[in-house]
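Colleague: generate a structure from the sequence data that follows.
(2 chains)
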Protein chains: 2
Amino acid sequence: MKISELSERSGVPVATVKFYIREDMLPRGEAVSATRAEYSDEHLSRLRLIAALADVRGLPLSRVRDILGLIDAPVGDPIETLGRAVGALPPYVDGDRDDYPRARAAIAELGLTYDPDFTAVAQLDEALGALEGAGLDASPAVLRRYADAMTQVARAEIAPVASMPLENAVSYAVLGTALYEPVMLALRRLAHHHLLVERSGD
Amino acid sequence: MKISELSERSGVPVATVKFYIREDMLPRGEAVSATRAEYSDEHLSRLRLIAALADVRGLPLSRVRDILGLIDAPVGDPIETLGRAVGALPPYVDGDRDDYPRARAAIAELGLTYDPDFTAVAQLDEALGALEGAGLDASPAVLRRYADAMTQVARAEIAPVASMPLENAVSYAVLGTALYEPVMLALRRLAHHHLLVERSGD
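Modeller: Numbering: from 1, shown residues only, chains lettered A, B, ... in the order given. Okay, the predicted model is just below:
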């Protein structure tokens, strides 16, 4: 396809497509004449990934680059590659501390296998600190409720990963993590409303 | 308690406490002498609410004010008051459109009662648009999976609301919505990792 079609199908303006090419985030098209390059479906997928991360979720380009780098050159272990890629997604928490006692205690209590370098550990620690600061319940029983719901969701989400080449798995993990988050949070708020209305009618 | 203790117990610097008082977000303490004011547990709760919203979740002060306004002067209907207060939380989506066909179709399919003016409708619409743009699955079956998990979580969350005065319910709904979101999202990422490791050992 021509750059104009690539732009149209991705929803990314031509000038922005050219910017991503100049920045080496998107490969050049195949030159088919002095003035025309041809783009493939791979270009389109990659452009959609960049747009979802940079435009929709507002990631800094340096983080998008980290993710693209892991797609192009995975580190040895697939699970570590996926973890690092997802770790480039927000929220960004202060990674200065090398220990997250609150999160580690909670994760151990929940019986989850975890990698202490995984950013979700730091993110959970910060989130639990916020609950504590606000005087909200962060007891094991309450955390278990959220963990159970998330494990149920996560089980279905990771099912397709087994049959994917790693490159696709990274892209799927990053996009799936980033783009279903707002869906889930909006549905939680809608469920609150639905249940409050239902109860008020009892 | 003195302002210094209020500051210490809330984690909010004294200068910031004074700023919130000047901005009419926090009531003055009761003057007990020419140079000393006494603060109550109500001051502490309100300050914790402001800090959780403004500092932890980064809400603009105008949005924090909207929430405090609803606590101080609820609109007629309790469910509408709660909806408006939660609607002041991020993510902020372009509210120019008065119709959200994608979200409305999805919510109808899920069988949820909803208020079309509720910001979660706009938030869901935007999130579904992002899935579509990235070529991710937004089919009813996938959305049902998320909605079921969120309904399960939401049912436990709204249980205590029935026995609360509306003022406390607004505060609980806003804090609970805002502060458990990052907990849940971190747990989802941790569950992915746990399940990938578990499967790789099979």
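
Colleague: three-state assignment of A:P91?
Modeller: What DSSP: H, G, I helix; E, B strand; the rest coil gives for A:P91 is coil.

Colleague: which residues touch it?
Modeller: If you count contacts by CB atoms under 8 Å, 6 or more residues apart in numbering or on different chains, A:P91 has them with A:123, A:126, B:182. C-beta coordinates here come from the backbone N, C-alpha and C atoms, glycine included.

Colleague: can you tell me the closest non-neighbouring residue to the second one?
Modeller: Of all residues beyond its chain neighbours, the one nearest A:E126 is A:V93 (4.6 Å), with distances taken as CB to CB, 6 or more residues apart in numbering or on different chains.

Colleague: now swap in the first one and tell me
Modeller: Counting by CB to CB, 6+ apart, B:A186 is the residue found nearest to A:Q123 once chain neighbours are left out, at 4.2 Å.

Colleague: pull the number of nearby residues for that neighbour.
Modeller: When neighbours are defined as other CB atoms under 10 Å in any protein chain shown, B:A186 has 28 of them.

Colleague: per-residue confidence at it?
Modeller: Note on B:A186: pLDDT of 98.

Colleague: mind checking how far it is from A:Q152?
Modeller: 16 Å (CB to CB, to the nearest Å).

Colleague: same deal with A:G135?
Modeller: Distance from A:G135 to A:Q152, by CB to CB: 29 Å.

Colleague: was I right to think A:R145 contacts B:A154?
Modeller: No: counting by CB atoms under 8 Å, A:R145 stays clear of B:A154, with 10.7 Å between them.

Colleague: the more surrounded of these two?
Modeller: Looking at A:R145 and B:A154 with other CB under 10 Å, you find the greater number of neighbours at B:A154, namely 23 against 18.

Colleague: report the angle between the helix or strand containing A:G176 and helix B:166-200.
Modeller: Assigned by DSSP states H and E, A:G176 falls within helix A:166-200. Here helix A:166-200 points in a direction 150 degrees away from that of helix B:166-200 (axes from the mean of the first three to the mean of the last three CA atoms, to 10 degrees).

Colleague: just the buried residues of helix A:166-200, please?
Modeller: Residues of helix A:166-200 classed as buried: A:169-196 (neighbour count, 16 or more other CB atoms under 10 Å in any protein chain shown).

Colleague: just give the number of residues close to the residue lying closest to A:R36 once chain neighbours are set aside.
Modeller: With sequence-adjacent residues excluded and distances taken as CB to CB, 6+ apart, A:R36 is closest to A:K2, at 6.8 Å. Around A:K2 there are 14 other residues, counting by other CB under 10 Å.

Colleague: let's verify A:T35: helix, strand, or coil?
Modeller: coil.

Colleague: if I look at it, how far off is A:G129?
Modeller: 57 Å.

Colleague: which of those two has more neighbours?
Modeller: Neighbour count, other CB under 10 Å: between A:T35 and A:G129, A:G129 has more, with 17 against 6.
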